[in-house]
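following is a predicted model, sequence given first.
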Amino acid sequence: TIEVPKEAADIIQDALAEEDDLTSRLATRHDHAMLSDFMFLTIKQAAICHAEASDFETRGKKTKALRLGLTGFCCRHCEQFRSFSSSSDNLASAMSNAFVMHLLKCPHTPRTIQLALQTLKRIHPRQMHQLPYGSQSRMFLD
């Protein structure tokens, strides 16, 4: 197993202790087994949202597949970052790239979570090698 620094391990334990609520969150504690700590903590920072009229105004020409009420995800700390993906590949990409960058810069994301994400990102590749092949991809398909 890969040693996770104590501060980051504590944040993961806090995330695992949160009540599972699939009406507002994208992951449960059971999903942790399919994901690296980095991706699990990232997903736990997201909340489910639905496209509103204002989402069309801020996206310009990127609204082809967007319709009012479409389910997506947003930052649970500020709700300003909003993503509505048309495929599981796009969802995974948005989650692991743009959303992580948002979380690291968002003034509403607790500093302890930002630091844990930075730490866990460094060990993410090694943890991915220990997971069953395709387990993270299956998370985005379900």
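Nice, I can see it.

list the buried residues of the helix or strand F140 falls within.
F140 is part of helix 135-141, with elements assigned from DSSP states H and E. By neighbour count with 16 or more other CB atoms under 10 Å, helix 135-141 contains the buried residues Q136, M139, F140. To be clear about C-beta, it is placed using only N, CA and C from the backbone, and glycine gets the same treatment.

tell me the contacts of the last one?
In other words, F140. S88, D89, L91, A92, M95 (CB atoms under 8 Å, 6 or more residues apart in numbering).

I'd say H108 and C74 touch.
No: counting by CB atoms under 8 Å, H108 stays clear of C74, with 11.7 Å between them.

can you get me a residue count around S86?
By other CB atoms under 10 Å, the residues close to S86 number 11.

now do it against T71, distance only.
Note on S86: its distance to T71, by CB to CB, to the nearest Å, is 12 Å.

now swap in Q114 and tell me
Distance, Q114 to T71, by CB to CB: 26 Å.

more neighbours, the two?
Neighbours per residue (other CB under 10 Å) separate Q114 from T71, with Q114 holding more: 15 against 10.
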